[in-house]
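A.B. asks: Here is my input; please provide its structure:
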Amino acid sequence: MNTIVVTHGEYFLAVIALGLLFAPVVHYLLHGWSPKRREILDSFTDEGIEAYFSLFFPARLRAEENLKVDFTNFYDRRFGRQHFIIPSVSLFAVSGFLIFFASRVVFEWLRETSQTGLDVPPVAIAALVGAYAWALLDLVTKAHVYDLKPTNLFTTSFRLIVAAPLGLAVAALLKDEAGIPIALFLGAFPARTLTTMVRRQVSSRLNLERSPNNEPVELQSLQGINRSLGERFEDEGISTILQLAYSDPIVLTMRTHFSFSYVVDCCSQALAWLYFEGNLTRMRDFGLRGAQEISILIDEIDGAEDRPDDAKRATECLKAVVTALQVGSKAFEWALREVAEDPYTKFLCKIWCSDADDD
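C.D. replies: Below you'll find the predicted structure:
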């Protein structure tokens, strides 16, 4: 048994390490992808589907089609499991080669042989081990919270590829005894963190201007979005409130893997922010968090004949907000109506607060 382990140990180690790396990916595809899909599909009624297609894909509306079935097929084509095939193959090729190579080198050190004919620096192997440790932990965490995307697999491949060169480059600037532990810990940093560190160091040494990455994320102005969540929106090309306000909530949900209700709420806040900016923070005290709540308020005011009590309360709320903000009542009400009449606001209300339309 010991002879087999010593002779073929690198193969066992490589297979085990590769299996561990892909276990969370397989688990997510079998048990995590379907709940995320059901969350989206179950959030839409036929009216909501029609509103979605009318706003984002009007050419897809066909009277003879079953909207629910058409929407399901549309979703599966854009976000189905098939989109994981190429990223998984790429990760398997990259990780398989690097894991086997590192295992072979380590076992040759243990045997005190050099069958590969390569003099591999320990720093390079340490960096690869650190990158592997981060990749495994990251994939396990994302699979556990149903937050695994095809791009995560590409990012993991990239992280493994650059680990050794980056570790060697950083170790060259340090003392020999510090090179290996620094390379190990450096390999465990996510790609975003490494990119930021490198940019800061280059900017500092070349006396360049302050990096834009150090500036506050604009999306943090909205309730419920901190720096890390704002950066996840930025990863999908949403860096301004204007972009968020008019984004496709389904596409954004699948790309960020936030919950659908959270994305809809953020879009609703962004729509209102375009009109009121900082005043929206004070309007929250009166229940006007976003475009959806504003639309409901306007509906209540306009429904005075059918719902006089509700209209009275809505009007009093409007007066209270005007007093708190110290703005003109007519101008402010006009702005509220502009928000309520925005096509995107109507769409968000149809998929979120349909009861307001039924009253």
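
A.B. asks: for the most centrally placed residue in the chain, what are its contacts?
C.D. replies: What sits nearest the mean C-alpha location of the chain, by Cα atoms, centre = their mean, is Thr256, with 2.5 Å. Contact analysis of Thr256 by Cβ atoms under 8 Å, 6 or more residues apart in numbering lists 232-233, 235-236, 263. Where C-beta positions appear, they are placed from N, C-alpha and C, glycine not excepted.

A.B. asks: Might you list the low-confidence residue ranges for the stretch 151-300 of the chain?
C.D. replies: The stretch 151-300 of the chain contains residues with pLDDT under 70 at 170-216.

A.B. asks: Check the spacing between Lys36 and Met254 real quick.
C.D. replies: Noted for Lys36: a distance of 8 Å to Met254, by Cβ to Cβ, to the nearest Å.

A.B. asks: that older thread, now which of the contacts of Thr256 would you call buried?
C.D. replies: 232-233, 236, 263 (16 or more other Cβ atoms under 10 Å).

A.B. asks: Tell me the one among these nearest to Trp109.
C.D. replies: Of all these, Arg232 has the smallest distance to Trp109: 40.3 Å, by Cβ to Cβ.

A.B. asks: On the three-state scheme, that closest one is what?
C.D. replies: Judged by DSSP: H, G, I helix; E, B strand; the rest coil, the three-state class of Arg232 is helix.

A.B. asks: What does the closest residue to it other than its chain neighbours show for phi and psi?
C.D. replies: Once flanking residues are discounted, Arg232 sits nearest to Thr256: 5.3 Å by Cβ to Cβ, 6 or more residues apart in numbering. With angles defined as degrees, to the nearest 10, Thr256 sits at phi -90, psi -20.

A.B. asks: Begin at 48 from now on, thanks
C.D. replies: Yep, numbering from 48; the last one is Thr303 now.

A.B. asks: quick one on the thing from earlier: pipe the buried ones among the contacts of Thr303 into a markdown table and attach distance to Leu335 per row.
C.D. replies: A markdown table is the format used below for those (distance: Cβ to Cβ, whole Å):
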| residue | distance to Leu335 |
| --- | --- |
| Arg279 | 26 |
| Phe280 | 23 |
| Glu283 | 28 |
| Val310 | 20 |
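
A.B. asks: So which of those residues is the closest to Leu215?
C.D. replies: Nearest to Leu215 among the buried ones among the contacts of Thr303 is Arg279, at 30.9 Å by Cβ to Cβ.

A.B. asks: how far away is that closest one from Tyr309?
C.D. replies: 11 Å.

A.B. asks: swap in Val152?
C.D. replies: According to Cβ to Cβ, Val152 and Tyr309 sit 45 Å apart.

A.B. asks: More neighbours: those two, which one.
C.D. replies: Val152 (22 against 15; other Cβ atoms under 10 Å).

A.B. asks: host element of that one?
C.D. replies: Following DSSP states H and E, one finds Val152 within helix 132-158.

A.B. asks: what packs against the next helix or strand after that helix?
C.D. replies: On the C-terminal side of helix 132-158, the closest following helix or strand by DSSP H and E is helix 169-191. The helices and strands touching helix 169-191, judged by 3 or more Cβ pairs under 8 Å, 6 or more residues apart in numbering; DSSP states H and E, are helix 49-74, helix 132-158, helix 197-218, helix 223-234.

A.B. asks: quick one, which of those is packed in tightest?
C.D. replies: Scoring the helices and strands packed on helix 169-191 by mean neighbour count under mean count of other Cβ atoms under 10 Å gives helix 197-218 as the most buried, with a mean of 20.

A.B. asks: now it against helix 132-158, angle please.
C.D. replies: With axes from the mean of the first three to the mean of the last three Cα atoms, to 10 degrees applied, the angle from helix 197-218 to helix 132-158 works out at 30 degrees.

A.B. asks: What separation is there between Phe305 and Leu200?
C.D. replies: According to Cβ to Cβ, Phe305 stands 19 Å off from Leu200.

A.B. asks: With Ala64 instead?
C.D. replies: 16 Å.

A.B. asks: Please apply the same query to Glu340.
C.D. replies: Noted for Glu340: a distance of 39 Å to Leu200, by Cβ to Cβ.

A.B. asks: Would you reformat the helices and strands packed on helix 169-191 as a markdown table and include distance to Lys359?
C.D. replies: Listed next are the helices and strands packed on helix 169-191 as a markdown table, based on distance: least, Cβ to Cβ, whole Å:
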| stretch | distance to Lys359 |
| --- | --- |
| helix 49-74 | 55 |
| helix 132-158 | 57 |
| helix 197-218 | 51 |
| helix 223-234 | 64 |
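
A.B. asks: ok, which pair from the contacts of Thr303 is furthest apart?
C.D. replies: Top of the distance list for these (Cβ to Cβ): Asp282 and Val310, 14.1 Å.

A.B. asks: What's the separation between the closest residue to Gly284 other than its chain neighbours and Glu265?
C.D. replies: Residue nearest to Gly284 in three dimensions, not counting chain neighbours: Gln290, with 7.3 Å by Cβ to Cβ, 6+ apart. Computed as Cβ to Cβ, the Gln290 to Glu265 distance reads 10 Å.

A.B. asks: next one: Lys393
C.D. replies: Using Cβ to Cβ, Lys393 is found at 25 Å from Glu265.
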